[in-house]
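Trainee: build me a structure from this.
(one chain, ligands or ions: 1)
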Amino acid sequence: MGIKEQFRFVLCLLLFPTLLFAATPDVVLVTIDTLRADRVGCYGYAKAQTPTIDGLASQGVLFTNAVSHVPLTRPSHLTIFTGLFPFQHNVHDNVAAPLDPKIPTLAEILHQHGFATAAFVASFVVNAQSGLQRGFDTYADEFDPRKQPTQFALNLEKRGEEVYREFAAWQPAAKGKPYFAWIHLYDPHFPYEPPPPYSTRFANRPYDGEIAYTDEILSKIVKLLRPNTLLIVASDHGESLGEHGENAHSFFIYDSTLHVPLLMRWPGQLNAGSKITFQTRLVDLFPTILDLLNFPVPRNISGISLKPWLTRTGESEPKLLSYCETFTPWLHFGWSRLQGVRSSQWKYIEAPKPELYDLAKDSGESRNLYSRSATPVRDLRNWLQQSGALKAEAVPSTQELDPETLEKLASLGYAGVPSTAAALTGTLEDPKDKIGEYKIFNQTIREGIEAFQAQRYALAAEKFELLRSRNIPSFEVHYYLGRSYLQLHSYDKARTEIELALQKLPHFLPAYRDLSESWESQGNIKEAEKALLAGLTIAPNHPLLIQSLAWLYQTQKQFTKAEALLLAELQAHPDDLESRFRLGAIYRDTGRIDPAIAQFREIVMRTPEDPEAHNQLGMLYGASNRFQDSAREFEKAVQLAPQEKSYRSNLALVKGKTNDSLFRFRIIETKTRAAADVIFKKLQKGEGWEMLAQKYSIHPSARSGQPVLELSASEMNPSLAKVLSTLKTGEFSPPIASGNSFFLVRKE
Ligand SMILES: [Zn+2]
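Mentor: So this is what the prediction gives:
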């Protein structure tokens, strides 16, 4: 290269800095759940231990005034991924129908542009059911209880370490391709339980301890990134640490839960150490990321691209308004919802008692300046009205709700089932007046459910009775009180509560099973059946109700009805292993061993790590004299559950059968010595064994066609074993006295 060419090349680089990284970058979005901005060092918190976040901010762009739109994990992440406010993507709650499939997501678009895509999420509220999984090749949302410390939040979240390991294991899979990874870290979310050494170092500040731990995880993630990576670190919402009477998040829309940390780092592309101080919004991330990559930005979104302010200087500040809401008080308690709009200076909150705050002078939002005529109120309210936000409907989905989900939500501080009956009309209570009740409710219901899960039903009932007496309208109070009474055998009381729960939420199908159980426990099979049929008229294919009804029929020996139900259910849901198990059990109990074996083999194939399925299959093989197969299955069961004694004894039993002391023989049993002698003489004269057995034997095997019995020596009367050991195949014995009977045996 001559001097002239070299000069031109350098000039080129100076003029077109993007040429430095002509290749498409990796894009890594890290969302640190529940991280409020003012607990991070680069946002001015002196006691912070966040060297990684602070370092990234100095290498990239820090957004000092970034806000979330909704203090709830699922709706907020959906806003990040769609560029739409919650009233546009229509997900307002952690329990909701999946995102409308017509709305494109960031992952889908990047995938279309050739990115390898993967998400590593740490909470079940953003599992694949949310719709967030769309566009991801890999979506790691499995929560394996065995990988979590036992005390850790009931196994419904992943520690940062686990998320980091999943990402590290996946990353080489992207090979040379650029990739988009979303890494979700959930540790700062309640309950605050940082692992050592943070647990001791931050013993008095566990929330800060979770943040410090998360910062360390982030440092390990950052070390894995390739140089040409656009890294975005954000939080979905903050955390109210007692401010305005709120302990965590979701109930109010003050800045303690809306002001979030946000930074971007892209070496060589974004100015290191710069700050954006005007109000920016999580809704802007979607268009900004696409624009930075020079990809077209979909129309009809609410976010705008911040690229001009990230890549050029001297741009005048945009005056961005930010929408905010929480529907929690409304959906979960029937109180008013809160919706607001925030500018760099003002926040207006639409509520029965409206609020206006001057954020520039009163960042703690402690002086409500609302008056109908105040200019900011008029402008902000106009915006709210014209945006369509106030007309938003919320149709919460109850489909995924089951007792397990309710318990998980309650343990995370989200008690209160979204009601389908919530109405906007009429005068609804202002959440500001209800915060005390809300706190008592959340705390007591969590204590009640914890007691219920620990099988301390009397204590659980006490907690739920307390809430019932306070008259807080809640499905859960009635439902869990009913279930506690069910466990305490107070069936009439149980029924009253479960019926009240069903009045509030008729579509909560598991409650019909509980209702049925209360009747069945009192021996009223007709009513028990009626309760299940009532649930099945709402959802004719509901597996739990079908299984319960089949079980009810089975206990009444109505095997044909039970079998028909389960067969239909399995046709609709071939993966329903519970139904398959029950069908197999019916075949087994009605002596149809081969069909039973077929069902259990299917179960074992689908869940090879289920010890009980292997045990059942082992017993069935044993019953059809396939002892080697039987031993193999018991061995697997023992291997999977070494602590289970019955698996071991089954294995020992069948091993006894597979060794030399196993006898195959037929038997004739009589009540008297004289009868036995007569038969013995006839046998000696050459009369047929089968005919004599059918004519004289009182042993049940004689009536069913004299099958060959197969027993090991250890399983039979020692005198019988002794006789059998002296006989040759085809020989029969003289009468043997045993108990009140007399036996003749023939070795086979
Ligand atoms: Zn969250």
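Trainee: quick one: low-confidence residue ranges for the stretch 551-700 of the chain.
Mentor: Counting by pLDDT under 70, the stretch 551-700 of the chain shows low-confidence ranges at 658-661.
Trainee: backbone dihedrals for residue 391, please?
Mentor: phi -90, psi 0 (degrees, to the nearest 10).
Trainee: can you check residue 127 too?
Mentor: phi -70, psi -180.
Trainee: got a list of what it touches?
Mentor: By C-beta atoms under 8 Å, 6 or more residues apart in numbering, residue 127 lies in contact with 121, 133, 141. For the C-beta atoms, the positions are set from N, CA and C on the backbone; glycine is no exception.
Trainee: my guess is the last one meets residue 128, correct?
Mentor: By that I understand residue 141. Yes - taking contacts as C-beta atoms under 8 Å, residue 141 lies within contact range of residue 128: 5.6 Å.
Trainee: burial of residue 290, as a residue count?
Mentor: When counting by other C-beta atoms under 10 Å, one arrives at 23 neighbours for residue 290.
Trainee: separation between the one residue in the chain that gets nearest to the ion and residue 121?
Mentor: Closest residue of the chain to the ion, C-beta to the ion: residue 73 (3.0 Å). Applying C-beta to C-beta, to the nearest Å, the value for residue 73 to residue 121 is 10 Å.
Trainee: ok, the two, which is more surrounded?
Mentor: Neighbours per residue (other C-beta under 10 Å) separate residue 73 from residue 121, with residue 121 holding more: 31 against 27.
Trainee: re the thing from before, more neighbours, residue 141 and residue 128?
Mentor: residue 141 (20 against 15).
Trainee: remind me, longest helix of this protein?
Mentor: helix 431-453 (DSSP state H).
Trainee: would you mark the buried spots in it?
Mentor: 431-432, 434-435, 437-438, 441-442, 444-452 (16 or more other C-beta atoms under 10 Å).
Trainee: which strands or helices does the helix or strand following it pack on?
Mentor: For helix 431-453, the following helix or strand on the C-terminal side (DSSP states H and E) is helix 457-469. Helices and strands touching helix 457-469, by 3 or more C-beta pairs under 8 Å, 6 or more residues apart in numbering; DSSP states H and E, are helix 431-453, helix 475-487.
Trainee: now those as TSV including mean pLDDT and distance to the ion?
Mentor: Putting the helices and strands packed on helix 457-469 into TSV (pLDDT from 0 to 100; distance: least, C-beta to the ion, whole Å) gives the following:
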stretch	mean pLDDT	distance to the ion
helix 431-453	89	16
helix 475-487	92	21
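Trainee: just put those helices in CSV and tack on distance to residue 360.
Mentor: CSV is the format used below for the helices and strands packed on helix 457-469 (distance: least, C-beta to C-beta, whole Å):
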stretch, distance to residue 360
helix 431-453, 23
helix 475-487, 42
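Trainee: out of those, which gets nearest to residue 743?
Mentor: helix 475-487 (49.2 Å; C-beta to C-beta).
Trainee: send me that closest one as CSV with only the CA atoms.
Mentor: The C-alpha coordinates for helix 475-487 follow below in CSV (Å, rounded to 0.1, in the frame of the first residue of the first chain):
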residue,chain,number,x,y,z
PHE,A,475,-60.9,-15.3,45.7
GLU,A,476,-57.9,-16.7,47.4
VAL,A,477,-59.1,-16.2,51.0
HIS,A,478,-62.2,-18.3,50.4
TYR,A,479,-60.4,-20.9,48.2
TYR,A,480,-57.5,-21.5,50.6
LEU,A,481,-59.7,-21.4,53.7
GLY,A,482,-61.9,-24.0,52.0
ARG,A,483,-58.9,-26.2,51.2
SER,A,484,-57.5,-25.8,54.7
TYR,A,485,-60.9,-27.0,56.1
LEU,A,486,-60.9,-29.8,53.7
GLN,A,487,-57.6,-31.0,55.2
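Trainee: for the stretch 301-450 of the chain, just list every one of the helices.
Mentor: Counting by DSSP state H, counting those that start in this stretch, the stretch 301-450 of the chain has helices at residues 307-311, 328-333, 375-387, 403-411, 431-453.
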